[in-house]
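Enquirer: here is the input, now give the coordinates:
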Amino acid sequence: RLLRAPRAPPSIAPPRMSSTTTDEAKIIDGKAVAKEIRAEIKKQVEELKKEHNILPGLATILVGERTDSATYVKFKKRAAKEVGFHSVDVKLPETVSEEELIAEVKKCIDDKAVHGILVQLPLPKHINEDKVLASIPHNKDVDGFTAQNIGNLCLRGGEPPLAVPCTPAGCVELIQRTGVDVKGMDAVVVGRSNIVGMPMAHLLRSMDCTVTVCHSRTKAIKAHVQRADILVAAIGKAEFIKGDWIKPGAIVIDVGINDKEDKTKKRGYRLVGDVDFTAARKVAAHITPVPGGVGPMTIAMLLRNTLNLARHEAGLGRLLLRRDRGCKDAAEGQGESGKE
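Expert: Residues are numbered from 1 along each chain as shown. Model prediction:
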């Protein structure tokens, strides 16, 4: 029901993957794919402005002085500018009260030029994040985290969500671009967070995969992972999943981004995922690197969500995430029924 896309225009480039030898997995280049998607969105924004006089608007709300949060917001603002969005930037001090923050959210809700609202997390400890996020209506929920959007994502049939959580959506896009028919495959998601693991499992289910979710209380995680035709690792532990856990020929999507000590680096560490990339690449068929895999896709999907929310407000159809339910013959599309 979610997610089959209309026929892809001829201008869209083929999947971006590379491999140095036939004995290693093909690298799914998230950076290159995200660039292609941003180019597609920019074109769609120009058409929306020309044909309907609508310019998608994204509001970002940043609280405090956290360097990582400020960096993420900077990247999101840069991407929004690249595709031609209207941007609203709200920066608040660390000491802002919960009531003051929610009041700023409501100003963005009332702004007709804003179609999507993003509150950068984490928030200071004295603020209830759930309460702040709950103040965002589902039709301006650019992260796809509201109960209504998540509920519609999980249901079979009925109304589709107006926005899909960005990181899982990016993972689906990368899986699709392998060109592999995933219908009936065993998929294992390691991690059960509301942001990644839970929605990822539901998206894989909607693609007709048989889905297992592993977490910190799962017994014999290795045995579960070894069955996975598709593995999505989102547990937040550096190189937790070893090469001998990977099923030969699997698709490996590594969501994790962790620091690992490396004295050869100027900063004293390097970034690694939740999967031992070097070992896994010798076994898998397709794999995402860290960095340069899932990360760039998250921002690209944020832009797509913003565009979809603008189209929804104008009474226009969504740009769909899923192509064919199994990813094969993706350009054809077959409607959106999920009720069989």
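Enquirer: show me the helices in the stretch 151-300 of the chain, by range?
Expert: Under the criterion DSSP state H, counting those that start in this stretch, helices of the stretch 151-300 of the chain are mapped to 166-176, 197-206, 221-225, 277-280, 294-313.
Enquirer: tell me the most buried of those helices?
Expert: Of all the helices of the stretch 151-300 of the chain, helix 166-176 carries the top mean neighbour count, a mean of 26, counting by mean count of other Cβ atoms under 10 Å. C-beta coordinates here come from the backbone N, C-alpha and C atoms, glycine included.
Enquirer: now that helix: mean pLDDT?
Expert: Mean pLDDT, computed over helix 166-176, is 98.
Enquirer: now swap in stretch 179-186 and tell me
Expert: 97.
Enquirer: what's the end-to-end length of that stretch?
Expert: Start-to-end span of stretch 179-186 (Cα to Cα, to the nearest Å) is 17 Å.
Enquirer: for stretch 194-213, same thing?
Expert: End-to-end distance for stretch 194-213, by Cα to Cα: 13 Å.
Enquirer: over to stretch 280-294?
Expert: 16 Å.
Enquirer: quick one: distance of that stretch to the chain centre.
Expert: 17 Å (Cα atoms, centre = their mean, to the nearest Å).
Enquirer: what's the answer for stretch 294-310, then?
Expert: On Cα atoms, centre = their mean, the centre of stretch 294-310 falls 7 Å from the chain's centre.
Enquirer: circling back: how about the helices of the stretch 151-300 of the chain in CSV, adding distance to residue 239?
Expert: Compiled in CSV, these are given as follows (distance: least, Cβ to Cβ, whole Å):
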stretch, distance to residue 239
helix 166-176, 19
helix 197-206, 18
helix 221-225, 13
helix 277-280, 8
helix 294-313, 16
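Enquirer: which of these sits closest to residue 247?
Expert: Smallest distance to residue 247 across the helices of the stretch 151-300 of the chain (Cβ to Cβ): 7.9 Å, for helix 221-225.
Enquirer: now that closest one: mean pLDDT?
Expert: The model assigns helix 221-225 a mean pLDDT of 98.
Enquirer: kindly export that helix (C-alpha atoms) in CSV.
Expert: Provided in CSV are the C-alpha atoms of helix 221-225 (Å, rounded to 0.1, in the frame of the first residue of the first chain):
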residue,chain,number,x,y,z
ILE,A,221,21.5,-13.0,17.7
LYS,A,222,24.3,-14.5,15.6
ALA,A,223,22.0,-17.4,14.5
HIS,A,224,19.2,-15.0,13.5
VAL,A,225,21.6,-12.8,11.5
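Enquirer: what is that helix packed up against?
Expert: With contacts defined as 3 or more Cβ pairs under 8 Å, 6 or more residues apart in numbering; DSSP states H and E, helix 221-225 has these neighbours: strand 186-190, strand 210-214.
Enquirer: compute the inter-axis angle for the last one and strand 186-190.
Expert: Using axes from the mean of the first three to the mean of the last three Cα atoms, to 10 degrees, the direction of strand 210-214 lies 20 degrees away from that of strand 186-190.
Enquirer: packing partners of strand 210-214?
Expert: Against strand 210-214 (3+ Cβ pairs under 8 Å, 6+ apart) you get strand 186-190, helix 197-206, helix 221-225.
Enquirer: what lines up beside that strand in the sheet?
Expert: strand 186-190 (parallel) (DSSP bridges).
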